[in-house]
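Peer 1: A structural model of the following input is requested.
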Amino acid sequence: MKYLIYGSKDFALILQDFLLYHDMTFSGFIDDYEKGPETVGPFDEVKNRFSALDTEIVLGVGYNNLVARWKVFEKIRSAGFRVTTLIHRSAYVRDVANIGEGTVIMANATVDCNAKLLEAVVLWPGVVVNHDSIIGCNTFVSPSCTICGFVNVGEHTFIGAGAVIVDHVDVPSNSFIKANSTYKGIRS
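Peer 2: This next block holds a predicted model:
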C-alpha cells in the first residue's frame, strides 16, 4: 500500500515521520496551493493519477481550521479513497474496532475499554481516554490530556495540552478547551 499525506505543513511533516517510523510507504504530499520537492500535486490531479486500490490518504491538515479539515476528509472519501487510520506501536488501544477512519493515535496514548474515537480524531502523545468515553469526529486532543470515564466530547473540538475533562460530562461540539484547564462542564 502507498500512502499520500493531504497537506504539507507542520502536522503533515509529523505524520510523514510517523509513516517512516512504522515502515509505511510514503509516496508524497498532496497540496492544493503550493508545490514542493515531495509534493505530488493538488487533489484534483492526484485522484486521477493514483488508484484507491493501492493508495490510502493520510489526513495531514492541522487544527487551525477544523471546518476546512473536515471538508478535506469528506472530499477524500467521496473520491473513493480510504483515509488512513494510524495507531502508534507504543499506544495502548483496548479495542481497535472502536477507532474511526482517519483517526491518528500517537505515541504512548491510551484508549481504554469501551472508549470510542469517531472519524478523524487526533490523540497526541500521552493522551488518556478512559473507559466508556466517546470522542466526536474531527477532534484534536493535545499532548498529555486526560479524559475521564463516561465523557462525551462533541465533534470539531480542540482540547489543549494537559487539560483534564472530569468524568460523566458532555463537551459540546465546536468547543475550545484551554491548555492545563479542568473541564467540569455539563453533567451527562
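Peer 1: Would you map out the domains in the protein?
Peer 2: Domain ranges of the chain: 2-78, 86-176, per automatic domain parsing.
Peer 1: Between the two ends of the shortest one, what distance do you get?
Peer 2: In terms of C-alpha to C-alpha, to the nearest Å, the two terminal residues of domain 2-78 are separated by 19 Å.
Peer 1: who wins for proximity to K184 among the domains of the chain?
Peer 2: K184 lies closest to domain 86-176 among the domains of the chain, at 5.1 Å (C-beta to C-beta). (Each C-beta comes from the backbone N, C-alpha and C, glycine too.)
Peer 1: State the mean pLDDT of that closest one.
Peer 2: Averaging pLDDT along domain 86-176 gives 98.
Peer 1: Correct me if wrong: F176 contacts T157.
Peer 2: Yes: counting by C-beta atoms under 8 Å, F176 touches T157, with 7.4 Å between them.
Peer 1: Pick out whichever of these two has more residues nearby.
Peer 2: Taking neighbours as other C-beta atoms under 10 Å, F176 and T157 compare with T157 leading, 23 against 9.
Peer 1: can I assume that one is in contact with D170?
Peer 2: No: T157 is beyond contact range of D170, at 11.1 Å (criterion: C-beta under 8 Å).
Peer 1: Next, work out how far apart the most centrally placed residue in the chain and S51 are.
Peer 2: In the chain, the centroid-proximal residue (C-alpha atoms, centre = their mean) is V122; its distance is 2.9 Å. Noted for V122: a distance of 27 Å to S51, by C-beta to C-beta, to the nearest Å.
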